[in-house]
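> sequence first, then the predicted structure, then my questions.
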Amino acid sequence: MSAVAPETTTTGLREGAFGNAVALSCRECGHRIDLGPHYACPECFGPLEVAYDFPAVTREEIEAGPRNIWRYKALLPVPTDIEQSPNTEPGFTRLLKADNLARELGIDTLWVKDDSTNPTNSFKDRVVACALSAARELGATVFACPSTGNLANAVAAAGARAGIKTVVFIPSNLEQPKQVNSAIFTSNLVAVDGNYDDVNKLAQEIAAEEDGWAFVNVNVRPFYAEGSKTLGFEIAEQLGWRLPDQVVIPVASGSQLTKVDKAFQELIKLGLVEEKPYKIYGAQATGCNPVATAFKAGVDAIRPVKPDTIAKSLAIGNPADGIYVLDSARRSGGAVEEVTDDEIREAIVLLARTEGIFTETAGGTTTAVLKKLVETGQLDPTLETVIINTGHGLKTLDAVSGAVGPAATIAPSYDAFAETGIGQA
Ligand SMILES: *Cc1c(COP(=O)(O)O)cnc(C)c1O
Ligand SMILES: [Zn+2]
């Protein structure tokens with residue numbers, strides 16, 4: 001594969017380019033290769049993951065770091081001087097105690113990890129910041145991605161700040177706000193007539209043909225994926241350095257969910273939190289439910305689907321990490337559940353009216369799945385629970401613009417207002 005310029009092979013890396021990361025390791029067979037722009041195991045084609053040799057890391061060292069994901073730089077594949085390079089500084093988003101929503105759903109203790117406040121208003125800024133560091137260290141000249149929307153926004157913005165050429169590929173039927181939120185940062189937004197899985201295939205072809213391209217979720221995917229760990233690190237740190245009992249996470253490719261699990265495991269291994277059982281739950285839309293279907297059927301194989309849902313940021317019909325989501329959910333005693341588009345819309349409004357958080361369709365999916373898990377007895381309402389809101393509602397206004405609006409349209413007179421009854425208790 002000619003993913004980066006020939007003069008920037010792994011041998012051309014500067015010392016400490018990937019921090020405490022030491023190799024890429026195959027998730028399937030454990031085979032190890034040198035750090036570089038690779039994503040598939042040369043032995044078995046399994047996915048590659050970043051492997052580390054962690055030094056002792058203390059809570060105090062982390063707490064003394066910046067209020068963004070780089071406070072965890074010792075646990076990421078980034079150099080120790082990462083803060084010197086222009087990037088978007090995402091992370092350390094709010095962990096909100098959601099008492100009103102908890103009461104509504106009959107849950108004792110509920111938190112919302114609100115990632116809608118990242119620089120481009122989704123959790124994707126975390127993974128892209130790590131991918132940008134890798135692209136820079138590997139000497140890439142183009143920063144690119146196939147995207148269901150949010151990733152394109154994050155890549156385009158981070159590339160602009162880094163001063164590197166960006167090219168982002170999206171399905172042409174994507175929501176208008178997500179198109180504008182990319183095109184504002186890059187002149188190279190490419191709309192492809194096809195669904196996400198078609199766009200992803202095209203990206204793999206380009207990555208194989210072109211030199212110097214870092215596709216964040218293709219050839220630098222192992223580095224990109226590590227960024228999702230910071231969600232798990234932050235949840236634990238913000239709870240006072242302990243793990244929650246249950247966490248509900250939306251599933252597109254499945255990378256985020258598996259990396260939150262990996263983050264919890266690393267915190268335990270490093271002695272940063274006490275070891276305890278926790279359950280991991282995945283959330284999908286019924287219009288794109290390949291992992292939920294496999295979970296319920298009790299099978300290991302994921303059968304790809306053709307997505308048809310308002311939750312476009314979760315619309316990956318052939319999820320790369322789907323089988324590992326099944327593994328996390330089953331091993332931890334969690335579940336993978338699905339909800340309809342109507343349930344997603346209702347949950348967006350519910351979260352907004354109980355907690356003042358406007359989520360996009362992905363967060364609507366997560367909130368609706370939480371509700372369903374409680375109602376079906378799959379999630380214990382007496383245990384401490386965290387849900388992750390991964391994106392901002394302003395990006396998917398169309399999803400709810402038919403469901404909410406003015407309660408009345410009136411003449412500018414007191415009588416007209418009085419007639420509406422809105423002033424009454
Ligand atoms: C990409 C995305 C996800 C899920 O990401 P995966 O790691 O691919 O499962 C969830 N929510 C939002 C808003 C996203 O953009
Ligand atoms: Zn392998």
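Looks like it came in fine. Residues are numbered from 1 along each chain as shown. Ligands and ions are numbered 1, 2, ... in the order given.
> spell out which parts of the stretch 151-300 of the chain neighbour ligand 1.
Counting by CB under 6 Å from any ligand atom, the residues of the stretch 151-300 of the chain lying close to ligand 1 are Pro250, Val251, Ala252, Ser253, Gly254, Ser255, Gln256. Any C-beta I mention is one placed from the backbone N, CA and C, and that applies to glycine too.
> try it again at 8 Å.
Counting by CB under 8 Å from any ligand atom, the stretch 151-300 of the chain comes close to ligand 1 at 151, 217, 225, 228, 249-257, 259.
> low pLDDT regions in the protein?
For the chain, the stretches with pLDDT under 70 are 1-11.
> ok, back up a step: and the residues of the stretch 151-300 of the chain next to ligand 1 as CSV, adding neighbour count and secondary structure?
Formatted as CSV, these follow (neighbours: other CB atoms under 10 Å; DSSP: H, G, I helix; E, B strand; the rest coil):
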residue, neighbour count, secondary structure
Leu151, 29, helix
Asn217, 24, coil
Ala225, 28, helix
Ser228, 23, coil
Ile249, 31, strand
Pro250, 29, strand
Val251, 32, coil
Ala252, 29, coil
Ser253, 22, coil
Gly254, 27, coil
Ser255, 24, helix
Gln256, 28, helix
Leu257, 32, helix
Lys259, 27, helix
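> closest to ligand 2 out of these?
Proximity of those to ligand 2 (CB to the ion) peaks at Ala225, which lies at 16.3 Å.
> any idea how many residues pack against whichever residue of the stretch 1-150 of the chain sits closest to ligand 1?
Here the stretch 1-150 of the chain gets closest to ligand 1 at one residue, Asn150, 3.4 Å apart by CB to the nearest ligand atom. By other CB atoms under 10 Å, 28 other residues sit near Asn150.
> correct me, but it touches Lys124?
Yes. Counting by CB atoms under 8 Å, Asn150 does reach Lys124; the two are 4.4 Å apart.
> contacting residues for Phe314?
Heads up, residue 314 is Leu, not Phe. Thr148, Pro250, Val251, Ala252, Gln284, Ala285, Cys288, Thr361, Ala362, Thr365 (CB atoms under 8 Å, 6 or more residues apart in numbering).
> what about these, which are in strands?
Pro250, Gln284, Ala285 (DSSP state E).
> okay, and the beta partners of the second one?
Per DSSP bridges, the residues bridged to Gln284 are Glu338.
> and it, what is it in contact with?
Contacts of Gln284 were listed using CB under 8 Å, 6+ apart, and they are Pro250, Val251, Pro290, Val291, Ala292, Leu314, Val336, Glu337, Glu338, Thr365, Val369.
> roughly how far does Leu373 sit from Val247?
Using CB to CB, to the nearest Å, one obtains 11 Å as the distance from Leu373 to Val247.
> what residues are shared contacts of the two?
Counting by CB under 8 Å, 6+ apart, the residues touching both Leu373 and Val247 are Tyr281.
> quick one, helices of the stretch 151-300 of the chain?
Along the stretch 151-300 of the chain, counting by DSSP state H, counting those that start in this stretch, helices occupy 176-183, 196-209, 221-226, 229-238, 255-269, 290-297.
> closest to Leu13 out of the ones you listed?
The closest of the helices of the stretch 151-300 of the chain to Leu13 is helix 221-226. By CB to CB, the value is 12.6 Å.
> and the contacts of the closest one?
Taking CB under 8 Å, 6+ apart as the rule, helix 221-226 contacts 18, 24, 38-39, 47-50, 76-77, 127-128, 130-131, 133-134, 215-217, 255, 259, 320.
> count of neighbours near Gly16?
Around Gly16 there are 13 other residues, counting by other CB under 10 Å.
> so what's it closest to, chain neighbours aside?
Pro79 (5.2 Å; CB to CB, 6 or more residues apart in numbering).
> same thing with Ser228?
Spatial nearest neighbour of Ser228, excluding adjacent residues (CB to CB, 6+ apart): Lys259 at 3.6 Å.
> isn't Asn153 up against Thr120?
Yes. With contacts counted by CB under 8 Å, Asn153 reaches Thr120, the gap being 4.3 Å.
> could you check which of those two is surrounded by more residues?
Neighbour count, other CB under 10 Å: between Asn153 and Thr120, Asn153 has more, with 32 against 25.
> now the more buried one: how far from Asp115?
13 Å.
> where do the contact lists of these two overlap?
Contact criterion CB under 8 Å, 6+ apart; residues shared by Asn153 and Asp115: Ser122.
> residue contacts, Thr141?
Ala5, Ile164, Lys165, Gly212, Trp213.
> among these, which are in strands?
Checking those against DSSP E, those in strands are Lys165, Trp213.
> out of the contacts of Thr141, who's nearest Ala102?
Checking those against Ala102 with CB to CB, the nearest one is Ile164 at 43.5 Å.
> spatially nearest residue to that closest one (excluding sequence neighbours)?
Closest residue to Ile164 apart from its sequence neighbours, by CB to CB, 6+ apart: Phe143 at 4.8 Å.
> I figured the one you found hits Val155, correct?
Yes. Here Phe143 reaches Val155: they are 6.1 Å apart, a contact under CB under 8 Å.
> anything in contact with each of these two?
With CB under 8 Å, 6+ apart, Phe143 and Val155 have common neighbours Ala131, Thr166, Val216.
> who's in contact with the first one?
Residues in contact with Ala131, defined by CB under 8 Å, 6+ apart, are Phe143, Val155, Ala214, Val216, Asn217, Val220, Phe223, Tyr224, Gly227.
> need the phi and psi values for it.
phi -70, psi -40 (degrees, to the nearest 10).
> state the distance from it to Glu15.
For Ala131 relative to Glu15 (CB to CB), the value is 21 Å.
> do the same with the second one
Separation of Thr166 from Glu15 (CB to CB): 28 Å.
> these two - which one has more neighbours?
Per other CB under 10 Å, whichever of Thr166 and Glu15 has more neighbours is Thr166, with 22 against 5.
> report the contact partners of the more buried one.
Val142, Phe143, Ala144, Val155, Ala156, Gly159, Ala160, Phe185, Thr186, Asn188 are the contacts of Thr166 under CB under 8 Å, 6+ apart.
> picking up where we left off before, who's more crowded, Phe143 and Val155?
Ranked by neighbour count (other CB under 10 Å), Phe143 and Val155 place Val155 first, with 34 against 27.
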